[in-house]
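Q: here is a sequence with its predicted model. Questions after.
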Amino acid sequence: MYETLLYSVEGPVATITLNRPEHLNTIVPPMPDEFQDAMTRANRDADVKVVVLRGAGRSFSGGYDFGGGFHHWDDLITTDGEWDSGKDFVFATAQSEAPTQKFMSMWRSPKPVIAMVHGWCVGGASETALCADIVIASEDAQIGTPYSRMWGCHLSGMWIYRLGLAKAKEYALTGKPVSGKLAAEIGLINKAVPFDRLEAEVATLAEQLAGIPISQLSAMKLIVNQAYENMGLASTQTLGPIIDGLMRNTPDAKRFISMVEDQGVAAMLAERDGKFEDYSHADAADKPNPNNVIVP
């Protein structure tokens with residue numbers, strides 16, 4: 001049994017479901033550890049050939065939960081109540097400790113992983129989903145990196161490696177979200193479909209992949225992954241989380257968290273996103289349909 005996710009197996013397909021729907025499946029401990037454990041289970045199960053990753057409720061995930069000032073990670077990044085850059089450096093980079101590296105267990109898995117994205121998929125959640133081998137989203141999903149504007153940096157680097165220079169730079173600098181439909185058009189993800197077809201689309205692809213020998217799937221995944229490793233993926237994933245720690249502790253970032261604590265998340269979002277008119281400040285047409293819910 002897990003605290004933050006569900007794990008199930010049906011035939012050759014294992015499904016990992018992020019399961020904090022009342023909090024939009026935001027990332028808190030022990031989710032990264034549980035995810036890595038679930039991937040290990042899938043890889044050790046000889047009957048499993050494909051893994052599906054999804055989120056329960058109305059969103060894939062809202063990213064890392066910072067509503068409490070990130071205090072749920074205090075043991076790993078603070079000393080005597082103050083940010084400890086040395087601790088954060090180790091936390092951000094050590095494969096045994098770093099949340100990004102634990103989510104990257106799906107990248108290192110010899111078995112293919114399909115991410116099924118709906119609703120909000122933002123911040124660290126987008127970094128996570130994009131580590132999957134194939135990403136299929138509902139057309140109205142919203143994928144973005146609001147931390148580009150304050151309090152963060154690319155973690156897995158997948159926004160960079162999945163896009164060409166022009167788009168990678170544009171979204172890194174602006175933090176603008178993209179719908180599932182647009183994400184497919186610019187090559188960030190593989191495909192977007194209407195929500196009512198999402199589960200069936202993923203199930204069909206999983207069935208097709210499961211019909212291929214696991215040795216063949218593993219070989220083809222390895223050769224593609226190795227090409228991106230040769231482009232410097234590991235170096236990017238070392239630098240990104242280190243910068244992320246620095247960007248969480250600048251004077252502007254500290255004011256950001258103080259605003260959340262004193263005035264609430266809504267006040268902070270108004271300052272960060274209001275001028276862009278996106279995320280919570282977008283028109284209804286540019287937000288995920290809240291009625292699109294995944295029931296585990």
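A: Received the coordinates, thanks. Numbers count the residues shown, from 1 in each chain.
Q: what count of nearby residues applies to Ile186?
A: Neighbour count of Ile186, defined by other CB atoms under 10 Å: 15. No exception for glycine: its C-beta is placed from N, CA and C like everyone else's.
Q: I'd assumed Val178 was in contact with it.
A: Yes: when contacts are counted by CB atoms under 8 Å, Ile186 is listed as touching Val178 (6.9 Å).
Q: how about the contacts made by His154?
A: By CB atoms under 8 Å, 6 or more residues apart in numbering, His154 lies in contact with 127, 145, 160, 172, 236, 240, 244.
Q: list buried residues within these.
A: Buried by 16 or more other CB atoms under 10 Å: 127, 145, 160, 236, 240, 244, out of the contacts of His154.
Q: wait, the first one touches Thr100, no?
A: Yes: contact criterion CB under 8 Å: Glu127 and Thr100 qualify, at 6.8 Å.
Q: what do those two both touch?
A: When contacts are counted by CB under 8 Å, 6+ apart, Glu127 and Thr100 have 155-156 as shared neighbours.
Q: could I get the phi/psi values of Thr79?
A: Per-residue torsions, Thr79: phi -140, psi 130 (degrees, to the nearest 10).
Q: okay, now it: neighbour count?
A: Residues near Thr79, counting by other CB under 10 Å: 12.
Q: ok, the closest residue to it other than its chain neighbours to His281 distance?
A: Computed as CB to CB, 6 or more residues apart in numbering, the closest residue to Thr79 that is not its neighbour in sequence is Lys87, at 6.6 Å. Noted for Lys87: a distance of 35 Å to His281, by CB to CB, to the nearest Å.
Q: I'd assumed Pro110 was in a helix, is it?
A: No: Pro110: not assigned to a helix; according to DSSP: H, G, I helix; E, B strand; the rest coil it is coil.
Q: before we move on, the earlier item: so which of Lys87 and His281 has more stuff around it?
A: Lys87 (18 against 15).
Q: among the contacts of His154, which one sits closest to Asp80?
A: Closest to Asp80 out of those is Asp244 (22.2 Å), distances taken as CB to CB.
Q: does the closest one really touch Ala92, like I thought?
A: Yes: counting by CB under 8 Å, Asp244 does reach Ala92; the two are 6.8 Å apart.
Q: for Ser138, which residues count as its bridge partners?
A: Beta-bridge partners for Ser138, by DSSP bridges, are Val193.
Q: tell me, how many residues neighbour it?
A: 28.
Q: gap between it and Val178?
A: Applying CB to CB, the value for Ser138 to Val178 is 13 Å.
Q: over to Val13?
A: 28 Å.
Q: now do the strands in the stretch 151-296 of the chain.
A: 178-179, 191-193 (DSSP state E, counting those that start in this stretch).
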